[in-house]
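>>> Structure for the following, please:
(2 chains)
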Number of protein chains: 2
Amino acid sequence: MTFTPGTTGLDVLVSECGPRDGLQILSRIMPTAAKKRWIAALHAAGLREIEVCSFVPAKLMPQMADAAEIVAYSRTLPGLTVLALVPNLRGAEAAIAAGAHKLTIPVSGSEEHSLANVRRTRAEMVEEVRRIVEYRNAHAPDVPVEANISVAFGCTIAGPVSEDDVTRLSVALVEAGVDDSGLSDTTGMGNPAQVKRLFTRVIGEIGDKIGAAHMHNTRGLGLANVLAAYEAGVRIFDSSHAGLGGCPHAPGASGNVVTEDMVFMFEAMGLRTGIDAAQLVASRAILAETLPGVELYGMLAGAGLPKGHRPATPAVTHAAAE
Amino acid sequence: MTFTPGTTGLDVLVSECGPRDGLQILSRIMPTAAKKRWIAALHAAGLREIEVCSFVPAKLMPQMADAAEIVAYSRTLPGLTVLALVPNLRGAEAAIAAGAHKLTIPVSGSEEHSLANVRRTRAEMVEEVRRIVEYRNAHAPDVPVEANISVAFGCTIAGPVSEDDVTRLSVALVEAGVDDSGLSDTTGMGNPAQVKRLFTRVIGEIGDKIGAAHMHNTRGLGLANVLAAYEAGVRIFDSSHAGLGGCPHAPGASGNVVTEDMVFMFEAMGLRTGIDAAQLVASRAILAETLPGVELYGMLAGAGLPKGHRPATPAVTHAAAE
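Have a look, this model is predicted:
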């Protein structure tokens, strides 16, 4: 794992993916200044890993045209791991040149999704991952590279995805040299029994190279699936502030697990995230202001923390969000 | 338990509480004809236990003034257990006279909530439960009586609730003669670690007299808490169609776990509920029509069942909902 529980005073690592996963599907482009303000607020609330952008051609994804500037800004926030998504070697070169601390590479769990999404087979993507790792080894040996298998629990094109395939792909990615490899329920098709079973099996093969659980809340099972992944041994969890990031294949459906709700769950369970859930709720104001009309998800924001709530993170006192 | 897994072709019993829990807090009164139509649709979707009303004075809760008529109607639906909430002996007498198949009695887990809610101490409520059981024994020996401890995982008045108290209260209720005793997270303050710990402890004391887990989704943890309760050994789960039933103490917060989302979770996990989730989604139209302006919760309704979904319940083919 690129995170070792306990060593940093944290029991789980929450990896915020909103600035990348949440923004990439919006037709609206968040201004660079707003992105910085948002990332600063996330950092101020205690987040210590943020996927701030993806390095893709600006003409394909104009929302990410300011990726290098966003990485440079994010590097000024103390203690923050600046994570960037890279779909290929060219993206990895750009991300490393920009100074990203850590790279994440999506690899499709189904052949159909892989071909539709990146016009490459899964085997070709494993080779691309190997090239990225070799480049990293030569030019930025301190930058961890993680892979994450998308549609690992079901695919909108293929339907059910073979657990044998996902397990083999996890092993192949580790053999290609990634520092860890996680599983994504990209379209919110997973259920807790499946999540627990598949993570347990993959961990049985790749051990502490297991990476993040990236769960979606498309059908309301997001936190139940997070819990199942935790029980299987996962300790890194992707989530998105206000649940930004719908699934483009499921219109009207929310996307990522909501960071503030997940933080509340972990902290209430006695697991230290280092994050102040109330501050995350307050920071939703930035999104309401800079992304007018975009639906914000999550239940904690409406209900507030319960009376007598005692977070596991001792005396969460961060700089004010704004 | 008043439900034995397996014997009826079901692995878990979903007890729909919408017509009682969902309607009682609305200022709007659902017309009797609409209630019947709704209950018929729930039954047609496969629900086999529905809490159709509460027997309380009509001047206190005009939404339930038609309780006897609703019970009489619900008794005509084949295979349905007609469950009625009764707060006291007088309510139990009325429910049995009306023909309810099963009674549920709420008992507060905190002294403060008990006094505020029913102006009785918890010990006084245990005595009332004993009187109800004695009345049942004399007049309707075939009618199971269940208790359910409200605010078992946290109280909006008292804050944290003693797990010792809740455990002792569970034992006292079983000693008073109830057929089973469950736990409610009335205000959505529970977390999965706590839910699993407390249910495990209570089951350790009262064994198969454990009743329903009644979880709320106030802070988004509803299904994670359901999963935790399942893992602790619970097999009866209360939930509400479209999540109707907010918490009156948490304005803007949703209430009960959403039946259709929970059914999807269980069925996807391979656990037979006997219920057709898609039919439940379709039946939300009745609520949209008869309760205009009331917010309907749940994620499955927006996203639909995933491609290739195979429910555990074989060939769920019920009468059309309407």
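
>>> residue contacts, the residue sitting nearest the centre point of chain A?
With distances taken as CA atoms, centre = their mean, A:D238 lies nearest the centre of chain A, 3.5 Å away. Contacts for A:D238 were tallied using CB atoms under 8 Å, 6 or more residues apart in numbering or on different chains; they are A:15-17, A:21, A:51, A:148, A:182, A:184, A:212-215, A:256-257. C-betas here are computed from N, CA, C, even on glycine.

>>> Out of the residues you listed, which comes closest to chain B?
Chain B has its nearest neighbour among these in A:V257, at 9.2 Å by CB to the nearest CB.

>>> which residues does that closest one contact?
A:V257 touches A:215-217, A:222-223, A:226, A:237-240, A:243, counting by CB under 8 Å, 6+ apart.

>>> could you redo the last one with a cut-off of 7 Å?
A:215-217, A:222-223, A:226, A:239 (CB atoms under 7 Å, 6 or more residues apart in numbering or on different chains).

>>> circling back to that earlier point, which ones among the contacts of A:D238 lie within strands?
Mapping the contacts of A:D238 onto strands (DSSP state E) picks out A:15-16, A:51, A:148, A:182, A:184, A:212-214.

>>> Now stretch A:262-272: buried residues?
Across stretch A:262-272, burial judged by 16 or more other CB atoms under 10 Å in any protein chain shown covers A:262-269, A:271-272.

>>> Tell me the residues on the stretch 101-250 of chain A that lie near chain B, please.
A:154, A:156, A:159-160, A:187-189, A:191-193, A:217-221, A:223-224, A:227, A:250 (CB under 7 Å from any CB of the partner chain).

>>> let's see it at 6 Å
Residues of the stretch 101-250 of chain A lying close to chain B by CB under 6 Å from any CB of the partner chain are A:154, A:156, A:159-160, A:189, A:191-193, A:218-221, A:223-224, A:227, A:250.

>>> still on that earlier bit, just the buried residues of stretch A:262-272 that are near chain B?
Within those, those near chain B by CB under 6 Å from any CB are A:264-265, A:268-269.

>>> Let's have those in a markdown table, adding secondary structure.
Compiled in a markdown table, these are given as follows (DSSP: H, G, I helix; E, B strand; the rest coil):
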| residue | secondary structure |
| --- | --- |
| A:F264 | helix |
| A:M265 | helix |
| A:A268 | helix |
| A:M269 | coil |
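
>>> Between which two of these is the distance greatest?
Spanning the widest gap among these are A:F264 and A:M269, at 9.5 Å by CB to CB.

>>> list the contacts for A:I132?
A:89, A:92 (CB atoms under 6 Å, 6 or more residues apart in numbering or on different chains).

>>> helix, strand or coil for it?
helix.

>>> Run through who's touching the helix or strand bottoming out on mean pLDDT in chain A.
Every helix and strand of chain A was ranked by mean pLDDT, DSSP states H and E. The lowest is helix A:23-24, at a mean of 90. Applying CB under 6 Å, 6+ apart, the contact partners of helix A:23-24 are A:30, A:63.

>>> next structured bit after it?
helix A:32-44 (DSSP states H and E).

>>> list the buried ones in that following helix?
For helix A:32-44, by 16+ other CB under 10 Å, it's A:35-44.

>>> Next: stretch A:160-175.
A:160-161, A:163, A:166-167, A:169-170, A:172-174.

>>> before we move on, what about stretch A:14-27?
Within stretch A:14-27, the residues that count as buried by 16+ other CB under 10 Å are A:14-24.

>>> from these, which has minimum pLDDT?
Lowest pLDDT of the buried residues of stretch A:14-27: A:Q24, 88.

>>> Quick check: it vs A:G243, distance?
15 Å (CB to CB, to the nearest Å).

>>> What of A:R168?
Taking CB to CB, one finds A:R168 at 32 Å from A:G243.

>>> how about the strands in the stretch 201-322 of chain A?
A:210-214, A:236-239 (DSSP state E, counting those that start in this stretch).

>>> about what we covered before: and of the contacts of A:D238, the nearest to B:I286?
Distances from B:I286 to the contacts of A:D238, taken by CB to CB, are shortest for A:V257, at 30.8 Å.

>>> Isn't A:F3 up against A:A212?
No. A:F3 sits out of contact with A:A212 when judged by CB atoms under 6 Å, with a separation of 8.8 Å.

>>> Which of those two has more residues huddled nearby?
A:A212 (30 against 20; other CB atoms under 10 Å in any protein chain shown).

>>> what pairs with the nearest residue to A:D238 once chain neighbours are set aside across the strands?
The spatial neighbour of A:D238 that comes closest, neighbours along the chain excluded (CB to CB, 6 or more residues apart in numbering or on different chains), is A:H214 at 3.9 Å. Counting by DSSP bridges, A:H214 is bridged to A:S184, A:D238.

>>> quick one: A:H214 from B:P292, how far?
Separation of A:H214 from B:P292 (CB to CB): 38 Å.

>>> what's the neighbour count on A:G304?
16.

>>> any idea what sits nearest the residue in the stretch 151-300 of chain A that chain B sits nearest to, other than its immediate chain neighbours?
Closest approach of the stretch 151-300 of chain A to chain B (CB to the nearest CB) occurs at A:G159, with a separation of 3.0 Å. Leaving aside its sequence neighbours, A:G159 sits nearest to B:G308 (CB to CB, 6+ apart; 3.0 Å).

>>> Quick check: the one you found touching A:V161?
No. Between B:G308 and A:V161 there is no contact under CB under 6 Å: 9.3 Å.

>>> burial of the closest residue to A:L227 other than its chain neighbours, as a residue count?
Among residues not flanking A:L227 along the chain, B:A224 sits closest, at 4.7 Å (CB to CB, 6+ apart). Other residues within reach of B:A224, judged by other CB under 10 Å, total 29.

>>> So for the helix or strand harbouring A:P106, mean pLDDT?
Element membership for A:P106, per DSSP H and E: strand A:102-108. Rounded to a whole number, the mean pLDDT of strand A:102-108 is 97.

>>> Run me through the strand neighbours of it, direction for each.
By DSSP bridges, strand A:102-108 pairs with strand A:81-85 (parallel), strand A:145-150 (parallel).

>>> Using CSV, write out every CA atom in that strand.
What follows is strand A:102-108, C-alpha atoms only, in CSV (Å, rounded to 0.1, in the frame of the first residue of the first chain):
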residue,chain,number,x,y,z
LYS,A,102,1.8,10.4,-7.0
LEU,A,103,0.2,9.1,-10.2
THR,A,104,-3.0,7.0,-10.6
ILE,A,105,-3.7,5.1,-13.8
PRO,A,106,-7.2,3.7,-14.6
VAL,A,107,-7.3,0.3,-16.3
SER,A,108,-10.6,-1.1,-17.3
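
>>> do you know how far the residue lying closest to A:F3 once chain neighbours are set aside is from A:E146?
Closest residue to A:F3 apart from its sequence neighbours, by CB to CB, 6+ apart: A:L13 at 4.0 Å. A:L13 sits 12 Å away from A:E146, going by CB to CB.

>>> that older thread, so what's the residue count around the residue nearest to A:F3?
22.

>>> so it bridges to which residues?
A:I236.

>>> Tell me how many other residues crowd the closest residue to A:A58 other than its chain neighbours.
Closest residue to A:A58 apart from its sequence neighbours, by CB to CB, 6+ apart: A:A65 at 3.9 Å. A:A65 has 16 neighbours, counted by other CB under 10 Å.
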